[in-house]
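A.B. asks: Could you look at this predicted model? Sequence included:
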Amino acid sequence: MTDAVVHGASQVVTVGDDGVTVHEDAAIAVEDGRVAAVGPSDEVTREYPPENAATAVDARGQTVVPGFVDPHTHALFAGDRSDEFAAKLRGKTYQEILAEGGGILRTVEAVRAASDEALCAHLLDTLDTMLAHGTTTVEVKSGYGLDVETELRMLSVMAEADARHPVDVVPTFMGAHAVPQGLDAEEYIDRVLSEQLPAVAEQGIAEFCDVFCEADVFSVDQSRRVLEAGLEYGLTPKVHAEEFEHLGGSRLAAELGAASADHLLQATDDDVAALVEAGVTPVLLPGTAFSLGAEYADARAFLDRGAPVALATDFNPNCYSQTMGFAVTLGCVGMGMTPAESLAGATRNAALALDREGLGTLTEGAPADLAVVDAPSYVHVPYNFAVNTVETVLKAGEPAVESAVVRR
């Protein structure tokens with residue numbers, strides 16, 4: 001039996017190497033969790049009758065897009081930092097808040113004190129919100145532990161949430177997220193190398209290794225040591241690069257063949273060229289610039305060189321945005337991307353940043369993760385940014401959201 005047929009849609013959007021393709025008055029059929037056919041509705045439904053499908057969705061007046069892929073989050077945390085939002089509005093900088101023991105270090109204290117059950121419940125609630133807004137795959141980083149026990153606990157909670165929730169959780173080890181109190185950066189890096197990385201590798205959950213390569217956090221040389229050691233343990237590199245100051249993290253990402261270099265607000269033309277030549281996916285986080293009141297990354301510098309620009313929410317206590325639709329809007333309004341470029345950045349290109357070829361495309365044979373948007377065109381994803389227009393979500397062809405209600 002056919003898993004699912006979504007038919008009569010105003011548009012079905014697929015995304016490939018050449019960008020977005022719009023199929024008008026179209027349908028999509030799913031078998032064995034993958035796209036079996038996409039095209040004109042009368043042709044698809046003739047071969048795959050909706051009445052013979054386990055799930056049939058009448059999408060008249062609606063638009064089908066690939067399920068969103070969020071390739072950069074710190075979604076597993078505890079505590080509340082809304083007061084820091086107010087402090088930033090009064091003029092305090094991110095670095096000043098961190099130097100006073102706030103920011104990441106404050107969240108570290110809360111995570112260390114939280115039970116695994118509380119952490120998992122919070123993450124599951126977050127995944128519910130993301131799924132309701134069309135996200136079907138999300139990367140989640142550790143890094144609010146900064147010690148062996150808590151880093152391993154965070155990764156274990158990610159695996160538990162992944163097993164219990166329709167959204168696929170992609171785990172990243174980020175022990176090199178900040179310098180814990182009582183240590184200097186070099187002392188802490190030694191602990192990451194000698195204690196955390198071997199334990200993470202033995203645990204076998206994390207896929208990627210990330211590092212915050214930033215002034216007053218970790219230098220390029222320290223970041224290189226962590227990422228090279230991660231590679232030896234089979235963890236693919238990712239790099240937080242050129243967010244507040246230009247330090248050289250993007251060049252390091254290019255040198256190591258990282259899956260992605262993220263943030264890139266201070267990237268130069270030479271950085272862009274190096275990343276493009278090395279095939280490193282640039283992940284831009286417009287919500288972070290929005291929340292900080294900072295200038296946005298230069299998406300056009302990458303797009304003009306043919307780079308597959310990816311977008312992400314960067315959801316964390318300092319950037320409290322859980323919806324990729326808003327990232328798509330900011331990609332357009334804040335970074336000058338077209339709706340097509342921004343949608344590709346939230347789907348196919350975002351999947352490339354997680355080494356998941358074919359995900360986020362809805363092309364034949366690809367995973368059938370999709371969102372049905374209650375709007376006549378995909379342009380409404382960035383255009384209608386004040387409400388959630390996602391009506392239905394299928395994960396591998398199975399209903400995960402129906403009539404805007406999450407099922408898990």
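C.D. replies: Arrived safely, thanks for sending.

A.B. asks: from here on, contacts and neighbour counts on C-alpha atoms
C.D. replies: OK.

A.B. asks: where do the helices sit along the stretch 201-350 of the chain?
C.D. replies: 220-232, 249-256, 269-278, 286-292, 299-303, 324-333, 339-345, 348-352 (DSSP state H, counting those that start in this stretch).

A.B. asks: and the third one, average pLDDT?
C.D. replies: Along helix 269-278, the predicted confidence averages to a pLDDT of 98.

A.B. asks: Name the residues of it that are buried.
C.D. replies: If you call a residue buried by 16 or more other C-alpha atoms under 10 Å, then helix 269-278 has these buried ones: 271-276, 278.

A.B. asks: Then the second one?
C.D. replies: Of the residues in helix 249-256, those buried under the neighbour-count criterion (16+ other C-alpha under 10 Å) are 249-254, 256.

A.B. asks: Including pLDDT and distance to Val15, could those go into a markdown table?
C.D. replies: Converted to a markdown table, the buried residues of helix 249-256 look like this (pLDDT from 0 to 100; distance: C-alpha to C-alpha, whole Å):
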| residue | pLDDT | distance to Val15 |
| --- | --- | --- |
| Gly249 | 98 | 30 |
| Ser250 | 98 | 27 |
| Arg251 | 98 | 29 |
| Leu252 | 98 | 30 |
| Ala253 | 98 | 26 |
| Ala254 | 98 | 25 |
| Leu256 | 98 | 28 |
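
A.B. asks: In terms of distance to Pro286, which of the residues you listed ranks first?
C.D. replies: Ser250 (17.6 Å; C-alpha to C-alpha).

A.B. asks: Correct me if wrong: that closest one contacts Ala267.
C.D. replies: Yes. With contact defined as C-alpha atoms under 8 Å, Ser250 reaches Ala267; the gap is 7.4 Å.

A.B. asks: Name the single longest strand found in this structure.
C.D. replies: Under DSSP state E, the strand in the chain containing the largest number of residues is strand 2-16.

A.B. asks: Can you name every helix or strand that the next helix or strand after it contacts?
C.D. replies: With elements assigned by DSSP states H and E, the helix or strand that comes after strand 2-16 is strand 19-31. Packing contacts for strand 19-31, counted by 3 or more C-alpha pairs under 8 Å, 6 or more residues apart in numbering; DSSP states H and E, involve strand 2-16, strand 34-40, helix 41-47, helix 339-345.

A.B. asks: closest one to Val140 among these?
C.D. replies: The nearest among these, by C-alpha to C-alpha, is helix 339-345 at 17.9 Å.

A.B. asks: now the closest one: how far from the chain's centre is it?
C.D. replies: Mean-position distance between helix 339-345 and its chain equals 14 Å (C-alpha atoms, centre = their mean, to the nearest Å).

A.B. asks: tell me what that helix is packed against?
C.D. replies: strand 19-31, strand 310-311, helix 324-333.

A.B. asks: Reformat those as CSV; add mean pLDDT.
C.D. replies: Formatted as CSV, the helices and strands packed on helix 339-345 follow (pLDDT from 0 to 100):
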stretch, mean pLDDT
strand 19-31, 98
strand 310-311, 98
helix 324-333, 98
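
A.B. asks: now those as TSV including mean neighbour count and distance to His240?
C.D. replies: Shown next, in TSV, are the helices and strands packed on helix 339-345 (neighbours: other C-alpha atoms under 10 Å; distance: least, C-alpha to C-alpha, whole Å):
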stretch	mean neighbour count	distance to His240
strand 19-31	22	26
strand 310-311	33	14
helix 324-333	26	18
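
A.B. asks: Between these, which one is closest to Gly293.
C.D. replies: helix 324-333 (12.7 Å).

A.B. asks: which residues touch the residue of the chain most remote from its centre?
C.D. replies: What lies farthest from the middle of the chain is Arg46; by C-alpha atoms, centre = their mean that is 36.7 Å. By C-alpha atoms under 8 Å, 6 or more residues apart in numbering, Arg46 lies in contact with nothing.

A.B. asks: quick one on the thing from earlier: go through the longest strand of the chain and flag the buried ones.
C.D. replies: Those would be 2-15, for strand 2-16 by 16+ other C-alpha under 10 Å.

A.B. asks: Now the common contact residues for Ser250 and Ala267.
C.D. replies: Joint contacts of Ser250 and Ala267 (C-alpha under 8 Å, 6+ apart) are Glu242.

A.B. asks: contacting residues around Ala351?
C.D. replies: Taking C-alpha under 8 Å, 6+ apart, we find Ala351 in contact with 69, 71, 357-360.

A.B. asks: give me that answer again for 6 Å
C.D. replies: Shown in contact with Ala351 (C-alpha atoms under 6 Å, 6 or more residues apart in numbering): Leu359.

A.B. asks: any idea how far Val140 is from it?
C.D. replies: 14 Å (C-alpha to C-alpha, to the nearest Å).

A.B. asks: What is the burial count for the closest residue to Thr73 other than its chain neighbours?
C.D. replies: In this structure, Thr73 finds its nearest non-sequential neighbour in Asp314, 4.4 Å apart by C-alpha to C-alpha, 6 or more residues apart in numbering. Per other C-alpha atoms under 10 Å, the neighbour tally for Asp314 reads 30.

A.B. asks: how close does Asp314 get to Phe290?
C.D. replies: For Asp314 relative to Phe290 (C-alpha to C-alpha), the value is 11 Å.

A.B. asks: One more: Gly248?
C.D. replies: In this structure, Gly248 and Phe290 are 23 Å apart, going by C-alpha to C-alpha.
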